[in-house]
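Peer 1: Build me a structure from this.
(one chain, ligands or ions: 2)
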Amino acid sequence: MLSQLIKLPTNAKVGVVGGGISGLTFTYFLGKLRPDVEITLFNPESRPGGWINSWDTHDKNNQPVMIERGPRTFRGVSDGTVMIMDSMLEMNKGDLIRSISKDSNADKKFIVDPKNKLVQVPNSFPTLMKFFFNPLSKGLFSGMITEWTRKPIDPQIKDESVLSLLTRRYGSSAIGRNLFSALYRGIYADDVGNLSAQKVVGKLYYDERKYGSITKGSISRWRNKSKKEDENKDKLSESVALYTRVFNKDENKIRALSKRLAQFPMLGLKGGLSQFPNAFKEAIVKLPNVSLLTDNVTSMNQSVKKDKMVLEYMTTNGNKSSSSKNSIKEFDHVRLAIAPNKISKLISRTNPKIKEKLDMINTNTVTLVNLFIPDKDIIPQKNNGFGYLIPESNNNPEKVLGVIFDSVIEKSFKPFIETKSPTTTLQSQAQNYTKLTAMVGGSLYNDANGKQHIPNEEQTIENVKSALQKHLGTSREDLDAGQWVYTVAKDCLPQFKIGYNDLTKSIEEDVINDYSSKVSLGGMGFSKGPGIPDVVADALIDATKLQ
Ligand SMILES: Cc1cc2nc3c(=O)[nH]c(=O)nc-3n(C[C@H](O)[C@H](O)[C@H](O)COP(=O)(O)OP(=O)(O)OC[C@H]3O[C@@H](n4cnc5c(N)ncnc54)[C@H](O)[C@@H]3O)c2cc1C
Ligand SMILES: C=Cc1c2[nH]c(c1C)Cc1[nH]c(c(CCC(=O)O)c1C)Cc1[nH]c(c(C)c1CCC(=O)O)Cc1[nH]c(c(C)c1C=C)C2
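Peer 2: Ligands and ions are numbered 1, 2, ... in the order given. Here you go, the predicted model:
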């Protein structure tokens, strides 16, 4: 959250709504920083983690198998990653951390070309050359060499779509509709024509405004790079320095950890990403000043004297079908670690002004379709990688956004902490299996009026089978023999539309003013970015403001 928050009074009561990773880490950080403060964390499910959802099940041979029904990896270079990993190490969970190195197969990403062939996203000179000979690179070379000659944008124009920025700067919409549309589908499940340039490609947006061109901005940054690198060699970023200071950490150790983590493009956890919310829940339960309620908060209001925030909640005992009962609790501060559309529901009766603004943030739904084949690897050797993405330029009646090759990722995982004893990681297990996840829908489910049309389970799985046949050449027999898992992640990602930064800034200002700094906002909608490290760094920063 961008706005100012104020220090909590002694023995204050804090309510945290949402036990996803953002609510859990906020509770953990604040609970440790302020042992006098009594914190109540509300989450309707007994399973913590929200969208992070590693499902332990069994295959058709009754062997245990873990299926990721949400994210599975996160960035190595990020302030939030340092905080997550240092906390995991402190909780003695370091042996669970897995890393993907830059030279491993799992760091290769592919894009589908117009003929449905997989082409690697360039990460070296040979792959760049190969990419330049594919129709997917249309307009890229000529666009890059002429970009600096193009007229800069009128500064009166505050924001535009990513597609509009790319088209203006590179002289063709092909770059946006090919490479960039694929990459951004793989993060936002949305179209480059809808996404805000200011929010999503901030570096390009500000470079053009500061230097007159993206190329000039890159050259200037490259010129200053070695000087800056020298100056910042041993400097921790602002939020990591804050983390180090408030928790009295050894600066040298945090610096060494940050440098080591930055070597890895991706990190994961043995047993699935849910190990991470599970570890935080375990740690929170041990804090004497924190209580966990498996309850659904139904409304938020101010007390009559306006000195407290009142949460109304429905007891579910972690089971939605069990009989429910309404209760209320009063707090000095409420942290809302839930999506903007859910916040809107909590204040719908009491704050129509903020509700109206929150309702302007629409959401996208993604369907996750997992395939598991215990005894055959169907991913072609030449396509071994993180997975592939489908750009807007591809005829895509199946509405598949991309496919993640989980088995390649798992096989590439290396323990982060080197041990001398023989490893019991997945590497020692069978190599001849397939695990993959197709992500379907996102903006492709939305009609011109923004209404979502989500096909049923049978149709969605059929579409994914058809896409895999087309893209990987998998036989129908293999696909039919596999085990399929279907998850609808309803309204899981906010739509970061044009003007998003201004809209969220105005919502945050209203929240601070209307509730006299007694409410703060976290989660994907109000953090720097949508990734796990972003929401965790945001949780730490806000917890320290209340400290
Ligand atoms: C399909 C998909 C793939 C992703 N892949 C990646 C990835 O590869 N890497 C990465 O870094 N990030 C990824 N992300 C983003 C990542 O999942 C989010 O950054 C993170 O999970 C957000 O956590 P959160 O706590 O803010 O919200 P959530 O996970 O949404 O948690 C919110 C919690 O609040 C609870 N809640 C909701 N309403 C109420 C209420 N009224 N009362 C009480 N509790 C309530 C919910 O039940 C939930 O448990 C992905 C997201 C999705 C959807
Ligand atoms: C195809 C759909 C999606 C895939 N992942 C997501 C969607 C909607 C969601 C997602 N993926 C990432 C993030 C976090 C972003 C961040 O800021 O950390 C989210 C919310 C990570 C990510 N995944 C891909 C990229 C390029 C990134 C950014 C950081 C990184 O390089 O790790 C690529 C990618 N995502 C998906 C596929 C199939 C794919 C590439 C092959 C699935």
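Peer 1: What are the contacting residues of the helix or strand hosting residue 119?
Peer 2: Element membership for residue 119, per DSSP states H and E: strand 118-120. For strand 118-120, the external contacting residues (Cβ atoms under 8 Å, 6 or more residues apart in numbering) are 108-113, 127, 130-131, 134, 136, 383, 385, 388, 471-472. All C-beta spots, glycine's among them, are computed from the backbone N, C-alpha and C.
Peer 1: one more time with 10 Å, if that's ok
Peer 2: 108-113, 126-128, 130-131, 133-137, 178-179, 380, 382-383, 385, 387-389, 403, 471-472 (Cβ atoms under 10 Å, 6 or more residues apart in numbering).
Peer 1: Of the residues you listed, keep whichever come out buried.
Peer 2: Neighbour counting with 16 or more other Cβ atoms under 10 Å marks 108-113, 131, 134, 136-137, 178-179, 383, 385, 387-389, 403, 471-472 as buried within the contacts of strand 118-120.
Peer 1: and the closest residue to ligand 2 within the stretch 201-350 of the chain, backbone torsions?
Peer 2: Here the stretch 201-350 of the chain gets closest to ligand 2 at one residue, residue 266, 5.5 Å apart by Cβ to the nearest ligand atom. Main-chain torsions, residue 266, degrees, to the nearest 10: phi -150, psi 150.
Peer 1: Please name the bridge partners of it.
Peer 2: With DSSP bridges as the criterion, residue 266 is bridged to residue 75, residue 100.
Peer 1: is the residue in the stretch 151-300 of the chain that ligand 1 sits nearest to in a bridge, and if so with what?
Peer 2: As assessed by Cβ to the nearest ligand atom, ligand 1 sits closest to residue 297 within the stretch 151-300 of the chain, at 3.7 Å. Bridge pairing for residue 297 (DSSP bridges) gives the partners residue 313.
Peer 1: can you offset everything so residue one is 50?
Peer 2: All set: I'll call the first residue 50, so the last point we hit is now residue 346.
Peer 1: thought it was touching residue 384?
Peer 2: No: in this structure, residue 346 is not within contact of residue 384 by Cβ atoms under 10 Å, at 11.3 Å.
Peer 1: So which bits of this structure are right by ligand 1?
Peer 2: When proximity is defined by Cβ under 6 Å from any ligand atom, the chain lies next to ligand 1 at 66-72, 91-94, 99-101, 119-120, 122-123, 345-346, 386-388, 391, 415, 538, 541-542, 572-573, 579-581, 584.
Peer 1: hang on, the earlier thing: so which of residue 346 and residue 384 has more stuff around it?
Peer 2: Per other Cβ atoms under 10 Å, whichever of residue 346 and residue 384 has more neighbours is residue 384, with 29 against 24.
Peer 1: Can you classify the more buried one as helix, strand or coil?
Peer 2: Here residue 384 is strand, with the state taken from DSSP: H, G, I helix; E, B strand; the rest coil.
Peer 1: For it, give me its contacts.
Peer 2: Residue 384 makes contact with 50, 54, 63-67, 71-72, 75-76, 79, 88, 90, 568-572, 588, 591-592, 595, according to Cβ under 10 Å, 6+ apart.
Peer 1: Now intersect these with the helices, please.
Peer 2: 71-72, 75-76, 79, 588, 591-592, 595 (DSSP state H).
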